[in-house]
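Colleague: Okay, structure incoming, though there's no sequence with it:
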């Protein structure tokens, strides 16, 4: 597991803590709804200092259950999240 989400419940942003990110790589994130449709995407360079990425602007999504797909280089992970009002 190369990333930890600070909370599995979100309102308008998601905060990731990256564990030992390799230099010069990027993080790709896809947020899918319960039907599998892509609702939002994010691609970010690895932060140089604090190993944290904040994904803002998610307040327009309807509340419900989402699947977060993260990719960093060859590593991939998925997790379930809940969007609150």
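Modeller: Nice, I can see it. On a predicted model such as this, the values are computed, not experimentally measured, just so you know. Residues are numbered from 1 along each chain as shown.

Colleague: Not counting sequence-adjacent ones, nearest residue to the residue nearest the centre of the chain?
Modeller: Compute the mean C-alpha point of the chain, and by CA atoms, centre = their mean the closest residue is residue 29, 5.0 Å away. Distances taken as CB to CB, 6 or more residues apart in numbering place residue 42 nearest to residue 29, at 4.3 Å, with adjacent residues excluded. Every residue, glycine included, has its C-beta placed from N, CA and C.

Colleague: State the three-state secondary structure for that neighbour.
Modeller: Assigned state for residue 42: strand (three-state reduction, DSSP: H, G, I helix; E, B strand; the rest coil).

Colleague: Pull the number of nearby residues for it.
Modeller: If you count neighbours by other CB atoms under 10 Å, residue 42 ends up with 19.

Colleague: My guess is it contacts residue 55. True?
Modeller: Yes - contact status for residue 42 versus residue 55: in contact at 5.0 Å, counting by CB atoms under 8 Å.

Colleague: Identify the contacts common to these two.
Modeller: Residues within reach of residue 42 and of residue 55 at once, by CB atoms under 8 Å, 6 or more residues apart in numbering, are residue 29.

Colleague: Show the average pLDDT along stretch 27-42.
Modeller: Stretch 27-42 shows an average pLDDT of 96 in the prediction.

Colleague: Quick one: end-to-end length of it, please.
Modeller: End-to-end distance for stretch 27-42: 8 Å, by CA to CA, to the nearest Å.

Colleague: Show me how far it is from its chain's centre.
Modeller: 9 Å (CA atoms, centre = their mean, to the nearest Å).
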